[in-house]
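A.B. asks: Have a look; sequence and predicted model below, questions after that.
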Amino acid sequence: QVQLDESGGGVVQAGGSLRLSCAASGRSFSYYGVGWFRQAPGKEREFVAGISRNGESTYYADSVNGRFTFSRDNAKNMVYLQMIILKPEDTAVYYCAARETVILNYVAGKARDYAYWGQGTQVTVSS
């Protein structure tokens, strides 16, 4: 099993940037594909971005494509979500999620595909 711990959230003005981090403990992160999801008040949890086990494939929701960049460092058991040009509609709790897989280069895009979840970190973008 793997335990996930997000950090890096905060309050930022529109147009600003933040970098979220997710640290894994337990089993090596290299066995897992990882995703970021977010949930705003009164809305369903939605997919933001995903990265394959080997980091060679990434996939982004249309709403963040070109503004967010997902990367990973398996040696450090870390993944990162760099967010730029933030908008008020990006305000949400952001969750890191992991799925164990034998496939090195596949990205899953649905919450039900992920078995392990962190507690979330709040991102607030003010207008």
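C.D. replies: On my side now, so go ahead.

A.B. asks: ranges for the strands of this structure?
C.D. replies: Applying DSSP state E to the chain gives strands spanning 2-7, 10-13, 18-26, 32-39, 46-51, 58-60, 68-73, 78-83, 92-100, 116-117, 121-126.

A.B. asks: To G109, which of those strands lies closest?
C.D. replies: Proximity to G109 (Cβ to Cβ) singles out strand 46-51 among the strands of the chain, at 5.1 Å. C-beta: built from backbone N, CA, C; applies to glycine.

A.B. asks: State the paired neighbours of that closest one in the sheet, together with their directions.
C.D. replies: Strand 46-51 pairs in its sheet with strand 32-39 (antiparallel), strand 58-60 (antiparallel), by DSSP bridges.

A.B. asks: Pull the distance from it to the chain's centre.
C.D. replies: Taking Cα atoms, centre = their mean, to the nearest Å, the mean C-alpha location of strand 46-51 is offset from the chain mean by 6 Å.

A.B. asks: before we move on, what about stretch 68-80?
C.D. replies: 10 Å.

A.B. asks: same deal with stretch 26-40?
C.D. replies: The chain centroid and the centroid of stretch 26-40 are separated by 7 Å under Cα atoms, centre = their mean.

A.B. asks: mean confidence score for that stretch?
C.D. replies: Averaging pLDDT along stretch 26-40 yields 95.

A.B. asks: Dig out what the residue most central in space within the chain forms beta bridges with.
C.D. replies: Most central in the chain under Cα atoms, centre = their mean is W36, positioned 2.4 Å from the mean C-alpha point. Bridge pairing for W36 (DSSP bridges) gives the partners A49, C96.

A.B. asks: Could I get the contacting residues of it?
C.D. replies: L20, C22, F47, V48, A49, G50, F70, L81, Y94, Y95, C96, A97 (Cβ atoms under 8 Å, 6 or more residues apart in numbering).

A.B. asks: Tell me, how many residues neighbour the third one?
C.D. replies: Read it as F47. 22 (other Cβ atoms under 10 Å).

A.B. asks: what residues are up against it?
C.D. replies: G35, W36, F37, A61, G109, K110, A111.

A.B. asks: go on, the fifth one?
C.D. replies: Remark: with contacts taken as Cβ under 8 Å, 6+ apart, A49 is in contact with G35, W36, T58, Y59, Y60, A61, V64, F68, F70, L81.
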